[in-house]
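Novice: Sharing a sequence plus its predicted fold:
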Amino acid sequence: MRRYETTVIIDPDIPPENRAPLLEKINEIISQKDGFLVKLNEWGTQKLAYEISKKTRGHYVHLDFCGTGLLVSEMERFFRIDDRVLKFMTILLEKNVDIEKIKAKIAELEAEAASSAQMNKSEKTDPISEENETEPEDAITENDSSEKE
């Protein structure tokens with residue numbers, strides 16, 4: 001199995017609730033073709049370097065997934081047919097990938113993120129402890145500062 005990375009530019013005029021079915025369809029294609037979605041990042045709407053289909057802005061979505069060549073060709077076929085997709089590009093990252101290692105790494109990162117989130121929550125809910133009063137340090141007087149010079 002190979003690891004791929006795809007960046008898709010979606011029409012920015014499409015509301016977010018209509019973008020969700022597109023992302024679900026991509027996820028469905030990956031699972032149907034025995035692929036594995038490692039990460040899906042929405043980069044948001046950004047200005048394009050040049051005009052595409054009379055649009056100067058685009059909504060960027062970045063996919064990191066594992067699968068076969070058939071999966072990539074099916075996804076690209078879907079992107080060509082769907083009018084919501086302005087542009088896409090797929091890149092091969094690795095030829096031979098061990099999915100179990102990737103799944104273990106993802107689980108480890110999720111557990112780490114959950115524990116750090118839980119720690120942040122507990123820090124916020126702890127009552128504020130009374131500060132110990134400290135005695136002020138000896139103030140430097142004019143005579144003391146002139147002696148040091």
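Specialist: Looks like it came in fine.
Novice: Which strands or helices does the strand or helix carrying Asn27 pack on?
Specialist: When elements are assigned from DSSP states H and E, Asn27 belongs to helix 16-32. Counting contacts by 3 or more Cβ pairs under 8 Å, 6 or more residues apart in numbering; DSSP states H and E, helix 16-32 is packed against strand 2-10, strand 36-52, strand 55-67, helix 69-81. Backbone N, C-alpha and C define where each C-beta goes, glycine included.
Novice: out of those, which comes closest to Lys87?
Specialist: strand 2-10 (4.4 Å; Cβ to Cβ).
Novice: Tell me which residues of the closest one come out buried.
Specialist: Of the residues in strand 2-10, Arg2, Arg3, Tyr4, Glu5, Thr6, Val8, Ile9, Ile10 count as buried by neighbour count, 16 or more other Cβ atoms under 10 Å.
Novice: same check, this time on stretch 33-45
Specialist: Residues of stretch 33-45 classed as buried under the neighbour-count rule (16+ other Cβ under 10 Å) are Lys33, Gly35, Phe36, Val38.
Novice: For the second one, which non-adjacent residue is spatially closest?
Specialist: Pointing back at Gly35 there. Gly67 (3.1 Å; Cβ to Cβ, 6 or more residues apart in numbering).
Novice: distance of the closest residue to Ile14 other than its chain neighbours from Gln118?
Specialist: Using Cβ to Cβ, 6+ apart and skipping residues adjacent in sequence, the residue nearest Ile14 is Arg84, 5.6 Å away. Distance of Arg84 to Gln118, given as Cβ to Cβ, to the nearest Å: 38 Å.
Novice: Centre-most residue in the chain?
Specialist: For the chain, the residue nearest the mean C-alpha position is Asn41 (4.0 Å; Cα atoms, centre = their mean).
Novice: Am I right that that residue is in contact with Val61?
Specialist: Yes: applying Cβ atoms under 8 Å, one finds Asn41 in contact with Val61, separated by 7.3 Å.
Novice: ok, Arg3 to Leu40 distance?
Specialist: On the measure of Cβ to Cβ, Arg3 and Leu40 end up 14 Å apart.
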